[in-house]
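Student: below is the structure, and that's it, no one-letter string:
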């Protein structure tokens, strides 16, 4: 199967098993969602895909494949080579993911160098900063993380994620620390990058509304197992597991308008085609 | 009816080096007895500064905070004692607001001792039960509690002195969905059992919707819009509120999400202080936005400080 495939993954800390046979699939160019609470094993699954398991954690069964190549199995760990060239990950807290004493541009340049690009990394780095929607990328490249807003920091983290041109991008709670308008901008950006590059994306969140809006398929994790998965619409409209049903009911009683404000532009307001004459 | 708590013309400036940051810029707000009012807005909009001024943890630069018709703005710490007993804050992250070296018993007992409660032990046991925590937690320290338990301890501490108002600043931001649901349930129950009044600050509009009958939208230290929560969400009139609401993720829109209304990219923060503070990002900016925006009444108790508030069809009513 092309893309990222996690098959029957079991992980233990010592004697205690924390992942009980997880199956996941991220197709190239598609966005798969993974929801669950903290401690459900979402992040552990992601970290295992990158070979970044915390100390004491061990894969006891199952395997992870990228484009049909085995990258993680119980007895081998080949993830070193895959990391960067195949799978990249962006994390929840953008400020913590950035090096505070390096200018934004340098952080992207380092990823480019590590992935074997030696020519003109500075120019390429500025290009990528532009790709992630930063206005005036030349200027931003010279700034330090503390001079940037949370949303800008997350764009730089995303720039670092895509700099290696990964086949699959894992986004672990990429917008949890951000305001709702910035969250929507960042999710739009990720969607746009996915469509432009054809990379697959695994979007991890505790917030079903985020995943449901952005992902074609959804897997729900609960206590170390995937308890439900399927096309996004069917998971939301007919949840089978009680935990999923709880998450869905949280969304259900909202009286937010179905029609999004602003589309179509309100009649008589600027943006309404009928008003163009006086604009 | 006179409100239980009222804020008039509140302004708070923070000095940073030679710069003055105006965090709250002229807010008027009233809380009626038993009401739950929500405050939403992005980070930096002044929500938390408003909370700090209303609990008198910070002294306002200008304007007044009234509690039961007493202006508490200029009161000394000693004179504030009764106010502090009655108006209690609950913060976002209990790990940073609870003393890490104290156990649960000490944490809950502290406000009781300060306010001269006679039977401290009995009251500690009582509030612990009220927030749904077991006695076995009494000897634990914050680091040895789960996120949900910690927030319950913070709430127990806040209600221990039998306050009338809780100022809740993102009380569920640091916990999971299921824990959030449980905490919201607890807060609802406490409010109805004790007739508490809430000011509920959150950037999570769904939580506000569930908790508050009235909602205030803040932007850059000012009130952009306020109204009954249902009306405001269904029919937002300030362009900023429309931008905010259209950014909320909606389940089931995958592969067909309409374009949302977006704010324009944020340029430098310089803008004319006399006009609308949203003008430099507003997708519908008008020439008259350089003037102070009028506060337009668009429905019962529903006001928006936007020149477009009463023009055209509200997007929420659009079909």
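Tutor: Now that the structure is in, tell me what you want to look at. Computed from a predicted model, the values in this text were never measured in an experiment.
Student: and residue A:244, how far is that from residue B:176?
Tutor: 15 Å (CB to CB, to the nearest Å). Yep, even glycine has a C-beta here, placed from its N, CA and C like the rest.
Student: tell me the secondary structure of the one residue sitting closest to the centre of chain A, please.
Tutor: The centroid of chain A falls nearest to residue A:171 when counting by CA atoms, centre = their mean (1.7 Å). State at residue A:171, reduced to three classes by DSSP: H, G, I helix; E, B strand; the rest coil: strand.
Student: same check, this time on the one 10 residues further on
Tutor: Secondary structure of residue A:181, reduced to three states by three-state DSSP: helix.
Student: contacting residues around the residue nearest to it when sequence neighbours are not counted?
Tutor: Nearest residue to residue A:181, sequence neighbours excluded (CB to CB, 6 or more residues apart in numbering or on different chains): residue B:247, at 4.4 Å. Applying CB atoms under 8 Å, 6 or more residues apart in numbering or on different chains to residue B:247 gives the contacts A:180-181, A:183-184, B:260.
Student: pLDDT check: weakest of the residues you listed?
Tutor: Among these, residue B:260 carries the weakest pLDDT, at 76.
Student: burial measure for that one, as a count.
Tutor: 21 (other CB atoms under 10 Å in any protein chain shown).
Student: swap in residue A:56?
Tutor: If you count neighbours by other CB under 10 Å, residue A:56 ends up with 9.
Student: just to revisit the earlier point, who has more neighbours, residue A:244 and residue B:176?
Tutor: residue A:244 (22 against 18).
Student: now do the end-to-end distance for stretch A:31-44.
Tutor: 19 Å (CA to CA, to the nearest Å).
Student: what residues of stretch B:19-37 count as buried?
Tutor: Residues of stretch B:19-37 classed as buried: B:22-25, B:27, B:29-31, B:35-37 (neighbour count, 16 or more other CB atoms under 10 Å in any protein chain shown).
Student: secondary structure, pLDDT and distance to residue B:217 for those residues - can I get that in a markdown table?
Tutor: Shown next, in a markdown table, are those (DSSP: H, G, I helix; E, B strand; the rest coil; pLDDT from 0 to 100; distance: CB to CB, whole Å):
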| residue | secondary structure | pLDDT | distance to residue B:217 |
| --- | --- | --- | --- |
| B:22 | strand | 89 | 18 |
| B:23 | strand | 92 | 16 |
| B:24 | strand | 95 | 14 |
| B:25 | strand | 93 | 14 |
| B:27 | strand | 95 | 12 |
| B:29 | strand | 96 | 12 |
| B:30 | strand | 96 | 16 |
| B:31 | strand | 97 | 16 |
| B:35 | coil | 95 | 17 |
| B:36 | strand | 97 | 16 |
| B:37 | strand | 97 | 12 |
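Student: worst-scoring helix or strand of the chain, pLDDT-wise?
Tutor: Since no chain was named, I'll use chain A. Within chain A, judged by mean pLDDT, DSSP states H and E, the helix or strand with the poorest mean is helix A:79-85; its value is a mean of 55.
Student: oops, chain B please
Tutor: Sorting the helices and strands of chain B by mean pLDDT, DSSP H and E puts helix B:94-97 at the bottom, at a mean of 84.
Student: next secondary structure after it?
Tutor: helix B:104-114 (DSSP states H and E).
Student: circling back to that earlier point, residues of the least confident helix or strand of chain B that come out buried?
Tutor: Quick answer for helix B:94-97 (16+ other CB under 10 Å): B:94, B:97.
Student: does stretch B:204-221 reach chain A?
Tutor: Yes. For stretch B:204-221, a contact with chain A is found by CB under 8 Å from any CB of the partner chain, at B:205-206, B:209-210.
Student: quick one: average confidence on that stretch?
Tutor: In this model, stretch B:204-221 has an average pLDDT of 92.
Student: so what's the gap between that stretch and the chain middle?
Tutor: Relative to its parent chain, stretch B:204-221 has a centroid offset of 8 Å by CA atoms, centre = their mean, to the nearest Å.
Student: buried sites along it?
Tutor: Buried residues in stretch B:204-221 (16+ other CB under 10 Å): B:204-212, B:214-221.
Student: looking at these, which are in helices?
Tutor: B:205-211 (DSSP state H).
Student: which residue, other than its chain neighbours, is closest to residue B:10?
Tutor: residue B:63 (3.9 Å).
Student: measure the one you found to residue B:53 for me?
Tutor: Applying CB to CB to residue B:63 and residue B:53 gives a distance of 8 Å.
Student: which one's more surrounded, these two?
Tutor: residue B:53 (25 against 17).
Student: and the residue nearest to the centre of chain A, what does it touch?
Tutor: By CB under 8 Å, 6+ apart, residue A:171 lies in contact with A:89-90, A:161, A:190, A:201-204.
Student: kindly report the same for residue A:26.
Tutor: By CB under 8 Å, 6+ apart, the residues touching residue A:26 are A:3-5, A:32, A:168, A:200-202.
Student: ranking these by neighbours, who comes first?
Tutor: With neighbours taken as other CB under 10 Å, the top of those is residue A:202, carrying 28 neighbours.
Student: now the strand or helix carrying residue A:249: mean pLDDT?
Tutor: Take DSSP H and E as the rule and residue A:249 turns out to sit in helix A:242-252. The predicted model assigns helix A:242-252 a mean pLDDT of 84.
Student: what helices or strands is that helix leaning on?
Tutor: Under the contact definition 3 or more CB pairs under 8 Å, 6 or more residues apart in numbering or on different chains; DSSP states H and E, helix A:242-252 sits against helix A:208-214, strand A:217-222, strand A:225-231, helix A:232-237, helix B:177-194.
Student: just want the residue of the stretch 151-300 of chain B that's nearest chain A.
Tutor: residue B:261 (2.4 Å; CB to the nearest CB).
Student: just checking, that residue touches residue B:243?
Tutor: Yes. Between residue B:261 and residue B:243 there is a contact under CB atoms under 8 Å: 5.3 Å.
Student: so for the two, which residue has more residues nearby?
Tutor: Ranked by neighbour count (other CB under 10 Å), residue B:261 and residue B:243 place residue B:243 first, with 27 against 24.
Student: looks to me like the more buried one is in a strand.
Tutor: No. Secondary structure assignment (three-state DSSP) places residue B:243 in helix, not in a strand.
Student: hmm, back to that, nearest to residue B:87, out of the helices and strands packed on helix A:242-252?
Tutor: Counting by CB to CB, residue B:87 lies closest to helix B:177-194 out of those; the figure is 14.0 Å.
Student: so what does that closest one touch, helix or strand wise?
Tutor: In terms of contacts (3+ CB pairs under 8 Å, 6+ apart), helix B:177-194 is packed against helix A:242-252, helix B:147-159, helix B:205-211.
Student: which residues touch the least confident helix or strand of chain B?
Tutor: Here helix B:94-97 makes contact (CB under 8 Å, 6+ apart) with B:91, B:142-143, B:147, B:150-151, B:153-154, B:174.
Student: mind doing that once more with 10 Å?
Tutor: Applying CB atoms under 10 Å, 6 or more residues apart in numbering or on different chains, the contact partners of helix B:94-97 are B:89-91, B:107, B:142-143, B:145, B:147-155, B:157, B:169, B:171, B:174-175.
Student: how far away from the center of its chain is that helix?
Tutor: With CA atoms, centre = their mean, you get 18 Å for helix B:94-97.
Student: excluding its backbone neighbours, what's nearest residue A:243?
Tutor: Excluding the flanking residues, the one nearest residue A:243 by CB to CB, 6+ apart is residue A:222, at 4.7 Å.
Student: wait, doesn't that neighbour sit right on residue A:241?
Tutor: Yes. Between residue A:222 and residue A:241 a contact is recorded at 7.0 Å, counting by CB atoms under 10 Å.
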